[in-house]
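In: The following comprises the amino acid sequence and a computationally predicted model.
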Amino acid sequence: MKAIKLAAVAAAAIAAATPAMAELVIPALNYRTGPYAPSGIPYADGFSDYMTLLNERDGGVGGEPIRVLECETGYNTQKGVECYESTKGEGALVYIPQSTGITYQLIPKASADGIPVHSMAYGRTSAVNGKVFKWVFNPPGTYWDAASIMVKYAMEQEGGSLEGKKIALLYHNSAYGKEPIRTLEVLAEKHGYNLTLLPVDHPGQEQKSQWLQIRRERPDYVFMWGWGVMNSVAIQEATNIRYDMNKFIGVWWSGSEADVEPAGAGADGYKSITWHAPGADFPAFKQIQEMVIDAGKGAGDGTTIGEVGYNRGVYAAVLVAEAIATAQKLTGKANITAADMRDGYEALGISEERWAELGLGGFAQPFQVTCEDHGAPHQGVIQQWDVESASWSLVSDFMSPDMDVVMPLIMEDSMAYAAENNITPRTCE
């Protein structure tokens, strides 16, 4: 017995003297359950599968394996905060909240803890001002960018003017859904259109009254800020009243296969804004299929590869991995800290050539984050659903927002936040 104890002590001493393999820990605040699961599952699978590809193909990033630490939020803000508190001690490098409500709660917490937050095209829009929000990043854009681009697209469809036209905003009655309102109001003053606001309460299954109003007023365009089941219900309701789908445009979280397929043929022609290409015709996706899905290591069954939600998860994972690589290059070390990761995000840039090297040439726009601008490239493109081919296709060029409108709103809101929270903006020199 004494010999066994001595052997155990010796083994423990050897283990303590042997450095543990470092890991790059990335918490994934996912929602595979609840009313938003149809949108949350493909994203979560795409994110995890790309990280698995990096581990299988490259041994991680810079020789360090990636550990995706999933935590289920159900798209519930309180659960999201609980996930943050329970995982931040694991060596978390960055948080991707996957919810505007969760993002608002994590901004002060993560900033105080020195952990970056990547609210990818959602969250607090004014956090794009890196002088105030040192720890928050928004690539590839913000809701105010999206609102402006959607108005710009509608103007193009109307020959360059929206004077006297009517736009209805059908929005999720939450912090997320309310984000574009101020921008659309300012743009209404500038371009002369009439704006109608139609809130839809969580989870969005009951919309009869809103669509009765749309049927009565016949707005020239309906913009939708929806998520999960709200989207598919809205598209079905639009089909029921025979609203022109060419004039129904969703934000980027209202334009996935899960949103249109339940409406069947009636969804034909529905549009949404996006920031990346649909489909799986990219070398990186073929590698995911071969090295992850076919190898039995996928987060899901692989049936959603190429869908909008899945591709969006891949996009998020690419940015995380590239920020890690950038931080490693800046610091000269592979095992980076959360503070290093912040610096990596602030120097993050992906050129057209780099997208191609990643096996994703033509997948998304090049961009460069800076100290002042945490939300590049601020561009969007309109996609349209075709029922016959059961696929999305891009039907516009990539467009930039009206920064003459958006930037003053960003400065107004971010500087008010700075004043309220006793933050002295950085100089970014």
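Out: Yes, it's here.
In: For this protein, give the helix that spans the most residues.
Out: Counting by DSSP state H, the longest helix found in the chain is helix 308-331.
In: Check which helices and strands it sits against.
Out: Applying 3 or more Cβ pairs under 8 Å, 6 or more residues apart in numbering; DSSP states H and E, we find helix 308-331 packed against helix 37-58, strand 117-118, helix 257-260, helix 283-288, helix 338-346, strand 349-350. C-beta: built from backbone N, CA, C; applies to glycine.
In: Mind checking what helix or strand follows the third one in sequence?
Out: It stands for helix 257-260. Later in the chain than helix 257-260, the nearest helix or strand by DSSP states H and E is strand 271-274.
In: got a list of contacts for that following strand?
Out: Strand 271-274 has contacts (Cβ atoms under 8 Å, 6 or more residues apart in numbering) with 146, 149-150, 153, 245-246, 248-252, 254-255, 259, 308, 380-385, 392, 394-395.
In: That one: partners in the sheet, and parallel or antiparallel?
Out: Sheet pairing of strand 271-274 (DSSP bridges) gives strand 248-250 (parallel), strand 381-386 (antiparallel).
In: The residue nearest the centre of the chain and residue 421, how far apart?
Out: A centroid search over the chain (Cα atoms, centre = their mean) returns residue 120, at 3.6 Å, as the residue closest to the centre. Between residue 120 and residue 421 the distance is 23 Å, computed by Cβ to Cβ, to the nearest Å.
In: And for residue 258?
Out: 37 Å.
In: just how off-centre is the longest helix of the chain within its chain?
Out: Distance of helix 308-331 from its chain centroid, counting by Cα atoms, centre = their mean, to the nearest Å, is 12 Å.
In: got the CA coordinates for that helix in PDB?
Out: The C-alpha coordinates for helix 308-331 follow below in PDB (Å, rounded to 0.1, in the frame of the first residue of the first chain):
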ATOM      1  CA  VAL A 308     -27.200  31.300 -44.600                       C
ATOM      2  CA  GLY A 309     -27.200  30.600 -40.900                       C
ATOM      3  CA  TYR A 310     -24.400  28.000 -41.200                       C
ATOM      4  CA  ASN A 311     -22.300  30.300 -43.400                       C
ATOM      5  CA  ARG A 312     -22.700  33.100 -40.900                       C
ATOM      6  CA  GLY A 313     -21.300  30.800 -38.200                       C
ATOM      7  CA  VAL A 314     -18.400  30.100 -40.400                       C
ATOM      8  CA  TYR A 315     -17.900  33.800 -41.000                       C
ATOM      9  CA  ALA A 316     -17.800  34.500 -37.300                       C
ATOM     10  CA  ALA A 317     -15.300  31.700 -36.700                       C
ATOM     11  CA  VAL A 318     -13.000  33.000 -39.500                       C
ATOM     12  CA  LEU A 319     -12.900  36.400 -37.800                       C
ATOM     13  CA  VAL A 320     -12.200  34.900 -34.400                       C
ATOM     14  CA  ALA A 321      -9.400  32.700 -35.900                       C
ATOM     15  CA  GLU A 322      -7.900  35.600 -37.800                       C
ATOM     16  CA  ALA A 323      -8.000  37.800 -34.700                       C
ATOM     17  CA  ILE A 324      -6.100  35.100 -32.800                       C
ATOM     18  CA  ALA A 325      -3.500  34.800 -35.600                       C
ATOM     19  CA  THR A 326      -3.100  38.600 -35.600                       C
ATOM     20  CA  ALA A 327      -2.700  38.700 -31.900                       C
ATOM     21  CA  GLN A 328      -0.100  35.900 -32.000                       C
ATOM     22  CA  LYS A 329       1.800  37.900 -34.700                       C
ATOM     23  CA  LEU A 330       1.700  41.100 -32.700                       C
ATOM     24  CA  THR A 331       2.900  39.400 -29.400                       C
END
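In: Many thanks, we can stop here.
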